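Engineer: Provide a 3D model corresponding to the input given below.
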Amino acid sequence: MKNIIKGICVIMAFNTIAMANAQNKESKNLSFKVNKEESKDYIPAYRLINNADGTCAFEKGRIPTLKHMNTTTFWLSNKTEEWEKNAHPAPRRQYVITLKGNIKFKVSDGSTFIIKPGTILLAEDLKGKGHSWDMVNSKEWERLYVPIAEDAEDFFIADNGAK
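Structural biologist: The predicted model follows:
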């Protein structure tokens, strides 16, 4: 029940963001300047990135709360196909928000990290070998996918000494 309520809250928040973005498009004189350091509140995050040689790496960091993100759609999933667990690049720049489950991600050099509910995955490894993942002590992964508009800010702030 707690996860369902969390999921509904996340959906409502992203609907609000989508409406704000739609209003922003209607008024060409309206603009927002966002300073990443203005917000003192953050959500922990990991970002998947490409290295120059086509391999995938990750950074540990955070995303500030209450920022208007440039997105127009999202969807939920609780289905998992076997190919998804094999190494693959992200199909698009997107936030992946885990609602239920513990997921262990693995990048090209064998490094791993675990995503639990309350941590955001920012998938930006669009080329090369990509990443793989598997469930840890979980039978199901419920998640929300939120694509990031082309050339939009992702708001990710890397921690010092990432990884």
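Engineer: Every contact and neighbour count from this point should use C-alpha atoms.
Structural biologist: Noted.
Engineer: Point me to the residue sitting closest to the centre of the protein.
Structural biologist: Closest to where the C-alpha atoms of the chain average out (CA atoms, centre = their mean) is Tyr95, at 2.2 Å.
Engineer: partner strands of the host helix or strand of that one, parallel or antiparallel?
Structural biologist: Using DSSP states H and E, Tyr95 falls within strand 94-100. Each strand paired with strand 94-100, and its direction, by DSSP bridges: strand 120-123 (antiparallel), strand 142-147 (antiparallel).
Engineer: will you turn the ones you listed into TSV that also has mean pLDDT?
Structural biologist: Formatted as TSV, the strands paired with strand 94-100 follow (pLDDT from 0 to 100):
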stretch	mean pLDDT
strand 120-123	97
strand 142-147	96
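Engineer: Would you mind finding the most buried of those?
Structural biologist: Highest mean neighbour count of these: strand 120-123, a mean of 24 (counted as mean count of other CA atoms under 10 Å).
Engineer: from the middle of its chain, how far away would it be?
Structural biologist: The chain centroid and the centroid of strand 120-123 are separated by 3 Å under CA atoms, centre = their mean, to the nearest Å.
Engineer: Just the residues contacting it, thanks.
Structural biologist: 43-49, 90, 92-98, 115 (CA atoms under 8 Å, 6 or more residues apart in numbering).
Engineer: Return the residues in contact with the closest residue to Pro64 other than its chain neighbours.
Structural biologist: Excluding the flanking residues, the one nearest Pro64 by CA to CA, 6 or more residues apart in numbering is Tyr42, at 4.2 Å. With contacts taken as CA under 8 Å, 6+ apart, Tyr42 has the following neighbours: Arg62, Ile63, Pro64, Thr65.
Engineer: Quick check on these: which are buried?
Structural biologist: Neighbour-count burial (16 or more other CA atoms under 10 Å) applied to those gives Arg62, Ile63, Pro64.
Engineer: In the chain, what residue spans correspond to strands?
Structural biologist: 42-50, 56-64, 75-77, 94-100, 103-106, 112-115, 120-123, 132-135, 142-147, 157-158 (DSSP state E).
Engineer: one step back: right, and out of the contacts of Tyr42, which lies closest to Gly110?
Structural biologist: Arg62 (22.4 Å; CA to CA).
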